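J.: Here is the input, now give the coordinates:
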Amino acid sequence: MSGVPFLLPVDWWALGAVIALSGGAMALLLLEFLPHGPESNRAALVSLVTLLAAGASVFVVRDSRRALFDGMFVHDGITVFFTFLFCAIGILSVLLSWDYVKRTRINRTEYYALLLSSTLGMVIMAGSNDLITVFLGLELMSLALYVLVGFRRSHLESNEASLKYFLLGAFASGFLLYGIALLYGATGTTNLQKMTAVMSDSPMLENPLFVVGALLLVVGLGFKVSAVPFHMWTPDAYEGAPTSVTAFMSAGAKAAGFAALVRVGLSTLGAVRTDWVPVLSAIAILTMTVGNVTALLQNNVKRMLAYSSIAHAGYVLVAIVAGGRDGASAALFYLAVYSLMNLGAFGILTLLGRGTEERVLVSDLAGLGFRHPGLGIAMTVFMLALGGIPPTAGFMAKVYVFGVALKAGLVPLVIIGVLNSVVSVFYYLRITVAMYMEEPQAEPTHVSWAVPGALAVLAAVALTLWWGVQAHALLDQAQRSVLGGM
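T.: Here you go, the predicted model:
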């Protein structure tokens, strides 16, 4: 029995984040049985403590690469980077949800337990060194998100969004699992390191099982990152979900999907990178173009940001196509910056709630910059950052991604990416123009001030500006993380 992977010695310190998140989620469910007042914030407090503990735990063994469960899970630089990012996303999401869940009468204990469970799935995906654990992490993350999207059970839009997300997600999971099965048939393993070794010894591109399996793998992960043409669920899910869930999902789920793609890109597909460049380049071009052009046509701010997130997935794909250490570090850098500014933008929308109303139009923001100067300035910073305008972190992220792509000789891809960035500026500035240059056409949008949510937005603004002028700190960390994960 000594050959059974799960009977091997386990380095529990390397699993600190996984243990903390799973323990926190179970503790929240048990807390529901204890007496508490209707205004109790203990679920949010437990979630914050759990996420802080999980984020801190990765630094205990951060300087060494450790393989667990016969190499199915690894604790390395990439795992540390993404685990800390997911915990930061979770903390900001909890702060944004603090007042929001009270205002919208959402069951707090279940909500936060699902949020922690989804974060746990993201962490597992980031540390996966085997396609089986990638699938398990993805399903844990997705199942929790399906429920969170439909958490407002009395709202038709939320129910519809959850159903669409679930059905399309189930199909995507089926494609992914079938692709894993075909790759196993072609290589005899699901371990990414062993798969790379097999590919170096034989021409896998002549094996139809491998080619079809790899394509299905890209389809499954493409759905999670909202790459075109696997993006159809994104606008409806983002619009119908509670805004705090949309903020969490738009940053966390996308980063988790790309964490898996980075792993696969550095190992399996990286071994045959030149053969996959045309396919991934086409997906990147479609994703950037469709996302930005469709966002131009939107009046609903949540749908506009949903299509914007699709376009940003295209920019990250440019870094993936560039490949190598530079491409991977560019992807990590961009994902950290994107998560921050997107969370901030959706965070402001959580403060603009009108009871249980989720619909926020561009016209609803008219005059916001004068009525609430702080929110106006914050939203302007996020819009400038998303558009890639200096001196924000969004500008530095795009400069680095396009610079890496140029270095890899992807000149046409860079030209299309820059043109798409120019197009995106129009709809981002449209929101800024509405806030400062238009008069409200209806009753001014109510702002629900809450200290935790305001702190989350303030932190996002500060880091967006700080990383714009001190980008080297985050970039150096991304490069070290990739170096420690190869």
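
J.: same for whichever strand or helix holds V482, what does it pack against?
T.: Using DSSP states H and E, V482 maps to helix 471-484. Identification of packing neighbours for helix 471-484 by 3 or more Cβ pairs under 8 Å, 6 or more residues apart in numbering; DSSP states H and E yields helix 77-103, helix 324-351, helix 393-407. Any C-beta I mention is one placed from the backbone N, CA and C, and that applies to glycine too.

J.: quick one: the helices in the stretch 101-250 of the chain?
T.: Shown for the stretch 101-250 of the chain, the helices assigned by DSSP state H, counting those that start in this stretch span residues 108-127, 131-149, 156-187, 192-201, 208-224, 234-240, 243-266.

J.: Now that we have these, can you turn them into TSV and tack on mean neighbour count and mean pLDDT?
T.: Below are the helices of the stretch 101-250 of the chain laid out as TSV (neighbours: other Cβ atoms under 10 Å; pLDDT from 0 to 100):
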stretch	mean neighbour count	mean pLDDT
helix 108-127	26	90
helix 131-149	22	92
helix 156-187	18	88
helix 192-201	17	78
helix 208-224	21	88
helix 234-240	25	88
helix 243-266	26	89
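
J.: Give me the contacts around the helix holding V482.
T.: By Cβ atoms under 8 Å, 6 or more residues apart in numbering, the surrounding residues in contact with helix 471-484 are 65, 76-78, 80-81, 266, 325, 328-330, 332-333, 336-337, 393, 396-397, 400, 467.

J.: Those, buried ones only, as a PyMOL selection?
T.: In PyMOL, a selection of the buried entries from the contacts of helix 471-484 looks like this (16 or more other Cβ atoms under 10 Å):
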select buried, resi 76+77+78+80+81+266+328+329+330+332+333+336+337+393+396+397+400+467
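
J.: Ok, which of the helices and strands packed on helix 471-484 comes nearest A256?
T.: A256 lies closest, by Cβ to Cβ, to one member of those: helix 77-103, at 7.2 Å.

J.: who does that closest one touch, helix- and strand-wise?
T.: helix 42-57, helix 108-127, helix 243-266, helix 324-351, helix 451-469, helix 471-484.

J.: Ok, which of the ones you listed comes nearest T133?
T.: T133 lies closest, by Cβ to Cβ, to one member of these: helix 108-127, at 6.3 Å.

J.: and the closest one with helix 42-57, angle?
T.: Angle, helix 108-127 to helix 42-57, by axes from the mean of the first three to the mean of the last three Cα atoms, to 10 degrees: 20 degrees.

J.: Pull helix 108-127 out as CSV, backbone CA atoms only.
T.: Taking Å, rounded to 0.1, in the frame of the first residue of the first chain, the C-alpha atoms of helix 108-127 are listed here in CSV:
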residue,chain,number,x,y,z
ARG,A,108,-25.2,35.9,5.4
THR,A,109,-24.0,32.6,6.7
GLU,A,110,-24.7,30.7,3.6
TYR,A,111,-23.4,33.5,1.4
TYR,A,112,-20.0,33.7,3.1
ALA,A,113,-19.6,29.9,3.4
LEU,A,114,-20.1,29.7,-0.4
LEU,A,115,-17.7,32.6,-1.0
LEU,A,116,-15.0,30.7,1.1
SER,A,117,-15.7,27.5,-0.7
SER,A,118,-15.3,29.1,-4.1
THR,A,119,-12.0,30.7,-3.0
LEU,A,120,-10.9,27.2,-1.9
GLY,A,121,-11.6,25.9,-5.4
MET,A,122,-9.5,28.8,-6.8
VAL,A,123,-6.6,28.0,-4.6
ILE,A,124,-6.7,24.3,-5.5
MET,A,125,-6.7,25.3,-9.2
ALA,A,126,-3.7,27.5,-8.7
GLY,A,127,-1.7,24.7,-7.1
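
J.: For L34, identify the helix or strand it belongs to.
T.: Going by DSSP H and E, L34 is not part of any helix or strand.

J.: Distance to V218 for the helices and strands packed on helix 77-103 - can I get that in TSV?
T.: TSV is the format used below for these (distance: least, Cβ to Cβ, whole Å):
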stretch	distance to V218
helix 42-57	30
helix 108-127	16
helix 243-266	8
helix 324-351	15
helix 451-469	30
helix 471-484	21
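
J.: of all those, which lies closest to Y307?
T.: helix 243-266 (11.4 Å).

J.: what packs against that closest one?
T.: If contacts are counted by 3+ Cβ pairs under 8 Å, 6+ apart, helix 243-266 sits against helix 77-103, helix 108-127, helix 131-149, helix 208-224, helix 234-240, helix 301-322, helix 324-351.

J.: Can you add distance to L176 and give those back as JSON lines?
T.: What follows is the helices and strands packed on helix 243-266, written out as JSON lines (distance: least, Cβ to Cβ, whole Å):
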{"stretch": "helix 77-103", "distance to L176": "19"}
{"stretch": "helix 108-127", "distance to L176": "12"}
{"stretch": "helix 131-149", "distance to L176": "6"}
{"stretch": "helix 208-224", "distance to L176": "3"}
{"stretch": "helix 234-240", "distance to L176": "17"}
{"stretch": "helix 301-322", "distance to L176": "17"}
{"stretch": "helix 324-351", "distance to L176": "20"}
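
J.: I'd like to know which of those lies nearest to W13.
T.: Nearest to W13 among those is helix 77-103; the distance by Cβ to Cβ comes to 12.5 Å.

J.: wait, doesn't P452 sit right on K102?
T.: No: using Cβ atoms under 8 Å, P452 is not in contact with K102, being 10.9 Å away.

J.: Now list whatever residues contact both of those two.
T.: Counting by Cβ under 8 Å, 6+ apart, nothing touches both P452 and K102.

J.: who are the neighbours in contact with the nearest residue to V360 once chain neighbours are set aside?
T.: Closest residue in space to V360, ignoring its immediate chain neighbours: V301 at 4.7 Å, by Cβ to Cβ, 6 or more residues apart in numbering. With contact taken as Cβ under 8 Å, 6+ apart, V301 is in contact with 349, 360-362, 364-365, 431.

J.: What about these, which are in strands?
T.: Using DSSP state E, no member of the contacts of V301 sits in strands.

J.: okay, the residues you listed in JSON lines with pLDDT next?
T.: Output for those, formatted as JSON lines (pLDDT from 0 to 100):
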{"residue": "L349", "pLDDT": "88"}
{"residue": "V360", "pLDDT": "81"}
{"residue": "L361", "pLDDT": "83"}
{"residue": "V362", "pLDDT": "84"}
{"residue": "D364", "pLDDT": "81"}
{"residue": "L365", "pLDDT": "84"}
{"residue": "I431", "pLDDT": "91"}
